[in-house]
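1. okay, structure incoming, though there's no sequence with it:
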């Protein structure tokens, strides 16, 4: 299995309070991996450790090794790492600009792309998320005018403009209706042909539909990690089985 990221004995604490304990796992390249478990089990903390966002939280400390494409992320400048490891949060966060400026903002800052190249990149990324046909005639309207699901797909498309190798998604569909959720799931399946994806989700049906691998966390520990179909159909751990059957969390 080709790995995009690997964790070795990772521990995370907030002050004197341990949150993650001895996490070791490898995320496969160009696949979708779901992080499962009840609220408070450490899923989002794990996600934020992967692109060094936890460094922005003064109480947080990380021990162990996190390797991105074989290199310790501590040895990669944080701005460089975050270009290659994008993150999209639970609540859509479009910039208070037009749709076009949302998509071109990072490109103009990092890429110095010309007008023609900008248009080509923006069109490509919007098509990958299935949003292009819906917004192609409204590119100069405020992004805030889009529906919640469209705003979330815009944020995913925006994260793709710098060609990351890995995208981290924290409950991207939790506030969306089933129709908007289905569109995002379709987009993620398409994206996994181009980029690796790690998604935190409480939606077990979503994990079964789109994730190639799934990891179950409980009270800061990695309980079980395997191909999604195998995890759901043949869990080895009783805690995993109880969670998937709806008795925990």
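-> Noted; the coordinates are in hand. On a predicted model such as this, the values are computed, not experimentally measured, just so you know.

2. got a list of contacts for the lowest-mean-pLDDT helix or strand in the chain?
-> Comparing every helix and strand of the chain by mean pLDDT, DSSP states H and E singles out helix 99-110 as the least confident one, with a mean of 88. Helix 99-110 is touched from outside by 83, 94-95, 97, 113, 118, 121-122, 125-126, 135, 138-143, 146, 154, 157-158, 161-162, with contacts defined as CB atoms under 8 Å, 6 or more residues apart in numbering. In this view, the C-beta of every residue, glycine as well, is placed from N, C-alpha and C.

3. repeat for stretch 181-190
-> Residues from elsewhere that reach stretch 181-190, judged by CB under 8 Å, 6+ apart: 32, 128-131, 149, 152-153, 156, 169, 172-173, 176, 197, 199, 203, 206, 209-210.

4. among those residues, which ones are in strands?
-> Here DSSP state E is the test, and the contacts of stretch 181-190 give 32, 169, 197, 199 as lying in strands.

5. leaving out chain neighbours, which residue sits closest to the third one?
-> Closest residue to residue 197 in three dimensions, ignoring its sequence neighbours and counting by CB to CB, 6 or more residues apart in numbering: residue 32, at 4.5 Å.

6. same check, this time on the last one
-> Closest residue to residue 199 apart from its sequence neighbours, by CB to CB, 6+ apart: residue 169 at 4.3 Å.

7. hey, what's that neighbour bridged with?
-> In this structure, residue 169 has beta-bridge partners residue 88, residue 199, where bridges are defined by DSSP bridges.

8. ok, it touching residue 195?
-> No. Using CB atoms under 8 Å, residue 169 makes no contact with residue 195, being 11.3 Å away.

9. tell me which of these two has more neighbours.
-> Higher neighbour count among residue 169 and residue 195: residue 169, with 26 against 20, using other CB atoms under 10 Å.

10. contact partners for the more buried one?
-> Shown here is residue 169, whose contacts under the criterion CB under 8 Å, 6+ apart are 87-88, 156, 188, 197-200.

11. cool, and residue 210?
-> Residues counted as contacts of residue 210 (CB under 8 Å, 6+ apart) are 32, 34, 185, 188-189, 199.

12. and these, which of them are buried?
-> Applying a neighbour-count criterion of 16 or more other CB atoms under 10 Å, the buried members of the contacts of residue 210 are 32, 34, 185, 188, 199.

13. can you tell me which of these is nearest residue 216?
-> Of all the buried ones among the contacts of residue 210, the one with the least separation from residue 216 (CB to CB) is residue 34, at 9.3 Å.
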